[in-house]
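Engineer: Structure, please.
(one chain, ligands or ions: 1)
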Amino acid sequence: MENTNSVQFFSGENIPLEMHKVRMVQRLHLPTVEDRLRAMQAAGNNTFLLRNRDVYLDMLTDSGVNAMSEAQYAAMMMADDSYAGSETFFRLSDALHEFFGKDYFLPAHQGRAAENIIASAFVKPGDITPMNYHFTTTKALITRMGGTVVEVFSEDALDSSVIKPFKGDLNMEKLEACVQAAGASKISFVRIEAGTNLIGGQPVSLQNMRAVSKFCRAKGIPLVFDASLLADNLFFIKTRDAECADKTLGAIVHELSELMDIIYFSARKLGCARGGGIVTSDKALYEAMREFVPLFEGFLTYGGMSVREMEAMAVGLRETLDLEVINQTPMFIAALGEALQQKGVPVVTPFGGLGCHVDASRFVEHIPQSQYPAGALGAAIYLAGGIRGMERGTLSEQRRPDGSETFSEMELVRLAVPKRVFTLSQIKFVADRVGWLYENRNLIGGLTFEEEPSTLRFFFGRLRPIGDWQEKLAAKFLADMPNGL
Ligand SMILES: Cc1ncc(COP(=O)(O)O)c(C=O)c1O
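Structural biologist: So this is what the prediction gives:
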């Protein structure tokens, strides 16, 4: 584990010590396994459809649920509410300029709204968009404009057991071959996703960003950087890349930012607020995107965001440059990953950002991909502990135009670790319940669709278990934990 705590334990124990204290709390409730079974079935076996009151630990995502600092809350009180020309906009623009060093800022209400603007401005029918890996909304929005996403991930990126420091890197040979085959004029842009959401939160190296940027500039292809998961990626660049050990986090961000033509982000993740935006220093690119902001989002000085959130974002971005702030999530993920590994549970290694990723294809080997192993495991983890994770596998894919399934290259259940939200005992509880489930994994069965939306089906599709495996799993839980908790 990359323990970057400045305080070490005399005992030598490797414990991720919190560099914050909790000053506002939310009461939690752990339903019994009988209630969990009822809630899961009412939610169509889709963790997105659970009600929060039925969830003990919400590890669905870090999006918009990171803990905010007192300075962020204080800044929210100073927001300047006006439709046009708000001072809040200029304060946020300044903070973004300081953070990324880019000249222009276009606000958007969240990450996918920024993606919608970029896809609307630059993707034409028949275009190809190469990237290290797709994100669900990114792919859907590019496909909607008639483009095709081509993934050029690095060797071993999809092998959850291979340990390499930067498994999010783009494979340069695959990128060159893709551009060669399509012709540079058919490439809308190349996209690098920091902290690769769907393949285990694996980071991209600065060296790889340099190589991709050099290639794109030589070919005249814009390079777009999705910085939504930059905080974790930054932590890994700082701690895994010897060249960056002595650089400040701010200097690293500026260095990588200079390599990119357009940077966008979900501020539900980066900056621990709720919103998003796009920055660039290229006036022509800025002007090509600008018209879509009032069309889709709102006026240019708020872009669909609340001014309070914009103020919180400005402060949150500055706090992202503090290693003791951004180390909390990766260190807790590593603590969870190590505890799970000790119980034999297969997890994505090396431990990445965003969450601990359980490898469903190895956990429930007996469930075929057509029965959604990661979805089934996600439902089972909820039954085992009231823990809400997120399926990141075949359910999160779209069917092909002919209706056939796109089997995902990885079948993962992501147990997100939102920034500074959980305590270490809660993390240990998760390891305990997932460990129990692993011992009883043969009881877990597959799922089948009852209602399947045609787009982004994982959000509100409903499924039912194949057979009565959930009742059997709940009965085994009660035999082992008679109070049902
Ligand atoms: C890498 C990445 N890009 C884009 C998005 C979309 O952001 P939002 O949820 O704010 O629309 C996300 C959200 O999870 C993400 O992880």
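Engineer: what bridges to Tyr264?
Structural biologist: Taking DSSP bridges as the rule, Tyr264 bridges to Asp226, Ile278.
Engineer: distance of whichever residue of the stretch 251-400 of the chain sits closest to the ligand from Arg392?
Structural biologist: Nearest residue of the stretch 251-400 of the chain to the ligand, counting by C-beta to the nearest ligand atom: Ser266, 3.1 Å away. The C-beta positions use only the backbone N, C-alpha and C, and glycine is treated the same way. Separation of Ser266 from Arg392 (C-beta to C-beta, to the nearest Å): 16 Å.
Engineer: now Gly403
Structural biologist: 22 Å.
Engineer: Looking at those two, which has the bigger crowd around it?
Structural biologist: Under the criterion of other C-beta atoms under 10 Å, the comparison of Gly403 against Arg392 puts Arg392 first, with 27 against 7.
Engineer: got the contact list for the closest residue to that one other than its chain neighbours?
Structural biologist: With sequence-adjacent residues excluded and distances taken as C-beta to C-beta, 6 or more residues apart in numbering, Arg392 is closest to Leu412, at 4.3 Å. Residues in contact with Leu412 (C-beta atoms under 8 Å, 6 or more residues apart in numbering) are 160, 198, 200, 348, 357-360, 374, 391-393.
Engineer: now, among those residues, which is nearest to Phe332?
Structural biologist: His357 (13.7 Å; C-beta to C-beta).
Engineer: wait, that closest one sits on Val417?
Structural biologist: No - counting by C-beta atoms under 8 Å, His357 sits too far from Val417 to count as a contact (10.9 Å).
Engineer: Return the subset of the contacts of Leu412 lying in strands.
Structural biologist: Secondary structure from DSSP state E places 357-359, 391-392 of these in strands.
Engineer: State the pair within the residues you listed that is farthest apart.
Structural biologist: Asp359 and Glu391 (12.8 Å).
Engineer: what are the ranges of the helices in the stretch 301-450 of the chain?
Structural biologist: 307-319, 323-326, 328-342, 360-363, 373-385, 424-439 (DSSP state H, counting those that start in this stretch).
Engineer: so of these, which one's packed in deepest?
Structural biologist: Highest mean neighbour count of those: helix 373-385, a mean of 28 (counted as mean count of other C-beta atoms under 10 Å).
Engineer: Tell me what angle that helix forms with helix 424-439.
Structural biologist: Using axes from the mean of the first three to the mean of the last three C-alpha atoms, to 10 degrees, the direction of helix 373-385 lies 120 degrees away from that of helix 424-439.
Engineer: Give me the helices and strands touching helix 373-385, please.
Structural biologist: Packing partners of helix 373-385 (3 or more C-beta pairs under 8 Å, 6 or more residues apart in numbering; DSSP states H and E): helix 33-42, helix 360-363, strand 390-392, strand 412-416, helix 424-439, strand 447-451, strand 462-465, helix 469-480.
Engineer: how about a markdown table for these, with mean pLDDT and distance to the ligand added?
Structural biologist: Formatted as a markdown table, these follow (pLDDT from 0 to 100; distance: least, C-beta to the nearest ligand atom, whole Å):
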| stretch | mean pLDDT | distance to the ligand |
| --- | --- | --- |
| helix 33-42 | 98 | 23 |
| helix 360-363 | 98 | 19 |
| strand 390-392 | 96 | 10 |
| strand 412-416 | 97 | 10 |
| helix 424-439 | 98 | 21 |
| strand 447-451 | 97 | 23 |
| strand 462-465 | 98 | 22 |
| helix 469-480 | 98 | 28 |
